[in-house]
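Novice: give me coordinates for this.
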Amino acid sequence: MLELNYDTPTSLYEAAAFQWGWLEQCIERGLLPKNADQFNSIDTKLHQAFAQLQLKKPFYFASMKHSVEDKGTTDYLRLVAEKVGIESRHIDIEDIGLTSDGRFVDLEDRWIPHLFKLHAWEFIFHEPFGAAIAQSDTQFFEPAWKSIISNKGILPLLWEFNKGHPNLLAAHLDTDPNQAVPKGWVRKPFFSREGANIELQTADGLIVKEDGPYTDAPFILQEFAPLPKFGDSYTLIGSWVIGDQAAGIGVREDNSLITKDSSRFLPHLILD
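Specialist: The predicted structure is shown next:
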């Protein structure tokens, strides 16, 4: 395991809908045999998870106003919620208001009882409305405590309590991030996303790094685990968990050892 993200499910739409549609169309056109399959029950498990919520009040789905990609993800989740009978509405994050008595409202001054926000908690904590969340009486998806296990500071703790576990990489706090990254290690800011400000040095001395805005947060050092390479592409598997169940995977590829927001999404298939 390289990292965890329990907060912002980017690439969910691609994993749940697009790659499954790709598989179905390939089978329909005879490009793949009829028994071709995917490890992908994301859509089914999302429907089940939303149904189990049994929400009786409107559920709002929010993304940043000018992010077409994020709105695609939130629209997908909103439609899933609608299909199981939840009254669902979209709102741009910038349009959420705050009343004098501390409630979050939409543009028609209607209270927002339930809110999925495709916006990281570490941003919200520093924004003007962040201080109002605790007393707002709005149920947030994901909840604020997920921020603790979604930043890279959790990785040294996991290693400390489960040292030597075969699914974990050695990790510890970087006490001197101004020093060069040691061979065989990766430097990561706590709150880095999509590869930003990641720097690594392979055992052979190859240095790879990405620029980004995450320069003022603590860093960790994590043991370098080379990604498998197929042709000229390094491949990373993202594993999805819905509720408490494994639900599927999404594959990302890049010509760099560091996976970024521009990395390609690759549909997968299983052939027996």
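
Novice: surely residue 36 meets residue 26?
Specialist: Yes. Applying C-beta atoms under 8 Å, one finds residue 36 in contact with residue 26, separated by 7.2 Å. Yep, even glycine has a C-beta here, placed from its N, CA and C like the rest.

Novice: shared neighbours of the two, which are they?
Specialist: Residues touching both residue 36 and residue 26 (C-beta atoms under 8 Å, 6 or more residues apart in numbering): residue 269.

Novice: how about the helix or strand that residue 47 is a member of: buried residues?
Specialist: In the assignment (DSSP states H and E), residue 47 maps to helix 42-53. Of the residues in helix 42-53, 42, 43, 45, 46, 49, 50 count as buried by neighbour count, 16 or more other C-beta atoms under 10 Å.

Novice: do the same with stretch 120-131
Specialist: 120, 121, 122, 124.

Novice: what ranges do the strands span in the stretch 151-272 of the chain?
Specialist: Assigned by DSSP state E, counting those that start in this stretch, the strands in the stretch 151-272 of the chain fall at 171-173, 185-189, 199-201, 207-209, 219-223, 229-230, 233-242, 245-254, 264-266.

Novice: those: which one's closest to residue 61?
Specialist: Across the strands of the stretch 151-272 of the chain, the minimum distance to residue 61, taken as C-beta to C-beta, is reached by strand 233-242, at 16.5 Å.

Novice: pLDDT (mean, whole number) over the closest one?
Specialist: For strand 233-242, mean pLDDT is 98.

Novice: got the angle for that strand vs helix 42-53?
Specialist: On the basis of axes from the mean of the first three to the mean of the last three C-alpha atoms, to 10 degrees, strand 233-242 is oriented at 20 degrees to helix 42-53.

Novice: low-confidence ranges in the stretch 101-250 of the chain?
Specialist: Within the stretch 101-250 of the chain, no stretch has pLDDT under 70.

Novice: for residue 144, what are its contacts?
Specialist: 121, 133.
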